[in-house]
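A.B. asks: Quick one, structure for this:
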Amino acid sequence: MCAVNTASLQTECSMAHLCPTARGIRPCSRSARQQWQPVLHRNVVICRATMELSADLQAELDELEQSKYCGGEGRVLVREAPANVAKNGKRYHIHTFGCQMNLADSERMAGVLESVGYECSEDPAKADVLIYNTCSIREKAEVKVYSALGKQAKRKRDRMGDLKIVIAGCVAQQEGQQLLRRVPEVDLVMGPQFANKLDQLLELVDSQGTQLCATEHVEISEDITVPRRDSNLTAWVNVIYGCNEKCTYCVVPFTRGQEQSRHAEDVRREMLALGEAGYKEVTLLGQNIDAYGRDLPGMAADGSGRRQHTFTDLLRYVHDVPGIERIRFATSHPRYFTDRLVRACAELPKLCEFFHIPFQSGDDDILRGMARGYTAARYKSIIDNIRRYMPDASISGDAIVGFPGETEEQYLATEQLVREVGFDRVNTAAYSPRPNTPAAEWDNQVADLIKADRLNRLNAVVTEVATERAQRFLHRTLEVLVEGVNPRNSSQAFGRIRHNKLVYFDGNGEELRGQLVNVHIDHCNAYSLYGRMVEVVSPKAPLLASLQALASR
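C.D. replies: Numbers count the residues shown, from 1 in each chain. Coordinates of the predicted model:
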């Protein structure tokens, strides 16, 4: 294996670790990558020209690629047309970059278009409406969007305006009118808050015959019937939009606006519909999900001084939804991760033992410069508290190397934190200056080669720690929610344990899909497990356990 030090190293959106295998979404072609181009994975950086990949390492890399959400090349939506909806003869193409929030928004946009007769096209050349749902967390994602736009702009000129080009998501919100001036072939620029209004905006483009920019702040309305899910097994459910934090490196508050919490009744109603439709697992989404409710009115009646609506209260309120057997959530901010929340997660049996809590750095001065609002010691105390209640819990986090002014000693503090915490996974990134963020203007930027070197070194530590942590599952029998056929081996099924690790085992993935099975683990890699199926779990067992636990309190 050859370590690669290059200024071009980038990792993907910081929320990319939680995605179940990209259901109905295929990775875009990577054929343009040349032999000597570094192959980038979140925790492994290798040079393709200098080594032959072992079968185990290739499987590990494939699993990492699946777990990175949209990856560096983005992901294209692929699915069959909905039944019982009149078609209008037009097709749409959605290319998504970034995190699971963007994937959820793409589902909403697809649902809107299909409700008025559009069909999905995997091939952009066959589409009447092209949608690029963009991410601005890393500069690389922006570059990819502009590259794709250049090709489609020429096609639009050739078709004499018959094609509609839409730029949605965070780059759209960030660039606004400037994007329309830069690429005049674009018809519509829209922020993520308009995902459920896409059909209306396209009608305005047609009726006015001009470009349209929709980036103003709006109150996000309820549209729970709109999303057309890319899976009939697992689903995203947004509970809070936007972010009120002021991290000096992050563009999200500017692109996604202020926090807007959904009412608990609306979240529960959406989950009830999912349970009735046969969904087994729900992931509750928010940029800072544990800050849920602080924008809603009222204080708790018990005189504690806390808000009337908190994320802990929401979890208890939605936990008993029939049919939903597993509940996950992301992403948590250490500032709001309370003991009360930890205890609720330990008490509620449907809550999975997996927590994604970004730490970003192991050095207090760097954390202060980032305006994160906690210290490394405070972060470690949160993890200690989680493991006090749930000793077997899996912990993942995010880390940034090369933040402005970071010294070698401060970088080493991050390595030390990774080892002390014992993470199951860390999403790493080299600091990338983003527009409209304070840190981008500072004059103490770290050199790209230094950032690349630190990223390489941290990735090696992360993989070492994750491999060691994974061994606790060896020779254990674990409950797996089967997601389907192993795409690399059709004789195997694969699924996910409650700790959010993929498990591969011999079995009929088509027949077992959606079922809970017990699998005995025979082999553990850093990010995936291998074993043999022992039995199918009774479908009533999780619900009975949940009801019994609730009754005992």
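A.B. asks: how much space between the spatially most central residue of the chain and A81?
C.D. replies: Geometric centre of the chain, nearest residue: Q100, 3.2 Å, by Cα atoms, centre = their mean. Per Cβ to Cβ, to the nearest Å, Q100 is found 24 Å from A81. Just so you know, the C-beta spots here come from the backbone N, C-alpha and C atoms, and that holds for glycine as well.
A.B. asks: Repeat that for P358.
C.D. replies: 38 Å.
A.B. asks: With neighbour numbers in mind, choose between these two.
C.D. replies: Neighbour totals were compared for P358 and A81, and P358 leads with 22 against 12 (other Cβ atoms under 10 Å).
A.B. asks: What mean pLDDT does the strand or helix carrying K156 get?
C.D. replies: Element membership for K156, per DSSP states H and E: helix 139-158. Computed over helix 139-158, the mean pLDDT rounds to 76.
A.B. asks: List the buried residues in that helix.
C.D. replies: 140-142, 144-145, 148-149, 152-153, 156 (16 or more other Cβ atoms under 10 Å).
A.B. asks: Show me what that helix is packed up against.
C.D. replies: strand 129-134, strand 164-169, helix 170-175 (3 or more Cβ pairs under 8 Å, 6 or more residues apart in numbering; DSSP states H and E).
A.B. asks: hey, least reliable of those by pLDDT?
C.D. replies: helix 170-175 (a mean of 83).
A.B. asks: After that helix, heading C-terminal, what element do we hit next?
C.D. replies: helix 177-182.
A.B. asks: longest helix in this protein, by residue count?
C.D. replies: helix 448-470 (DSSP state H).
A.B. asks: Could you list every helix and strand that the helix or strand just after it packs against?
C.D. replies: Of the helices and strands lying after helix 448-470 in sequence (DSSP H and E), the nearest is strand 477-485. When contacts are defined as 3+ Cβ pairs under 8 Å, 6+ apart, strand 477-485 sits against strand 492-497, strand 502-506, helix 509-512, strand 516-524, strand 528-536.
A.B. asks: May I have the shortest one exported as CSV, CA atoms only?
C.D. replies: Spelled out, that is helix 509-512. Presented in CSV, the C-alpha positions along helix 509-512 are these (Å, rounded to 0.1, in the frame of the first residue of the first chain):
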residue,chain,number,x,y,z
GLY,A,509,-31.4,-12.0,0.1
GLU,A,510,-34.6,-11.6,-1.9
GLU,A,511,-36.6,-13.9,0.3
LEU,A,512,-35.1,-12.6,3.6
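A.B. asks: which parts of it are buried?
C.D. replies: 509, 512.
A.B. asks: and what of the last one?
C.D. replies: Of all the residues in strand 528-536, those buried under the rule 16+ other Cβ under 10 Å are 528-531, 533.
A.B. asks: Among those, which one lies nearest to A273?
C.D. replies: If you rank these by distance to A273 using Cβ to Cβ, M533 comes first, at 31.1 Å.
A.B. asks: What residues does that closest one make contact with?
C.D. replies: 493, 505-507, 517-520 (Cβ atoms under 8 Å, 6 or more residues apart in numbering).
A.B. asks: ok, now A264?
C.D. replies: 309, 313-314, 317-318.
A.B. asks: how about a cut-off of 7 Å?
C.D. replies: 309, 314, 317 (Cβ atoms under 7 Å, 6 or more residues apart in numbering).
A.B. asks: How about L130?
C.D. replies: 93, 124, 152, 163, 165-166.
A.B. asks: 6 Å - rerun?
C.D. replies: L130 makes contact with 93, 124, 152, 165, according to Cβ atoms under 6 Å, 6 or more residues apart in numbering.
A.B. asks: now it: how far from G111?
C.D. replies: For L130, the distance to G111 - Cβ to Cβ - is 18 Å.
A.B. asks: go on, E479?
C.D. replies: Distance from E479 to G111, by Cβ to Cβ: 31 Å.
A.B. asks: So E107: helix, strand or coil?
C.D. replies: Assigned by DSSP: H, G, I helix; E, B strand; the rest coil, the conformation of E107 is helix.
A.B. asks: Can you read off the pLDDT for it?
C.D. replies: pLDDT at E107 comes out at 86.
A.B. asks: And for S332?
C.D. replies: Confidence score, pLDDT, at S332: 96.
A.B. asks: ok, it touching I357?
C.D. replies: Yes. Using Cβ atoms under 6 Å, S332 makes contact with I357 at a distance of 4.7 Å.
A.B. asks: buried set for stretch 122-141?
C.D. replies: 124, 127-138, 140-141.
A.B. asks: next one: stretch 425-434
C.D. replies: For stretch 425-434, a neighbour-count test (16+ other Cβ under 10 Å) marks 425-432, 434 as buried.
A.B. asks: From those residues, which land in strands?
C.D. replies: Under the assignment DSSP state E, the buried residues of stretch 425-434 contribute 425-430 to strands.
A.B. asks: Just the closest of those to L512, please.
C.D. replies: R425 (25.5 Å).
A.B. asks: Tell me what the closest one is bridged to.
C.D. replies: In this entry, R425 is beta-bridged to S396, by DSSP bridges.
A.B. asks: would you turn the buried residues of stretch 425-434 into CSV with distance to L180 and pLDDT?
C.D. replies: Listed next are those as CSV, based on distance: Cβ to Cβ, whole Å; pLDDT from 0 to 100:
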residue, distance to L180, pLDDT
R425, 39, 95
V426, 38, 95
N427, 33, 92
T428, 35, 93
A429, 30, 91
A430, 31, 94
Y431, 30, 94
S432, 25, 90
R434, 21, 86
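A.B. asks: Return the closest of the residues you listed with respect to R326.
C.D. replies: Nearest member of the buried residues of stretch 425-434 to R326, counting by Cβ to Cβ, is R425, at 18.3 Å.
A.B. asks: Kindly reformat the helices and strands packed on helix 139-158 as TSV containing distance to Q287.
C.D. replies: Output for these, formatted as TSV (distance: least, Cβ to Cβ, whole Å):
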stretch	distance to Q287
strand 129-134	16
strand 164-169	14
helix 170-175	11
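A.B. asks: quick revisit: now the contacts of M533: which count as buried?
C.D. replies: For those, buried by 16+ other Cβ under 10 Å: 493, 505, 507, 517, 519.
A.B. asks: My guess is the first one contacts G509. True?
C.D. replies: Yes. The pair A493 and G509 qualifies as a contact (Cβ under 6 Å) at a distance of 3.7 Å.
A.B. asks: check contacts around G242.
C.D. replies: Per Cβ under 6 Å, 6+ apart, neighbours of G242: 256-260.
A.B. asks: Of those, grab the buried ones for ChimeraX.
C.D. replies: Selection command for ChimeraX covering only the buried members of the contacts of G242, criterion 16+ other Cβ under 10 Å:
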select :256,257,259,260
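A.B. asks: Among the contacts of G242, which ones are in strands?
C.D. replies: Short answer: those in strands (DSSP E) are Q260.
A.B. asks: and of the contacts of G242, the nearest to G286?
C.D. replies: Using Cβ to Cβ, those come closest to G286 at E259, 8.3 Å.
A.B. asks: got the contact list for the closest one?
C.D. replies: 240, 242, 244, 295.
A.B. asks: Just the buried ones from the residues you listed?
C.D. replies: By 16+ other Cβ under 10 Å, the contacts of E259 give 240, 242 as buried.
A.B. asks: In TSV, list the contacts of E259 along with secondary structure.
C.D. replies: Output for the contacts of E259, formatted as TSV (three-state DSSP):
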residue	secondary structure
I240	strand
G242	coil
N244	coil
D295	coil
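A.B. asks: Quickly name whichever of the contacts of E259 is closest to D365.
C.D. replies: N244 (23.8 Å).
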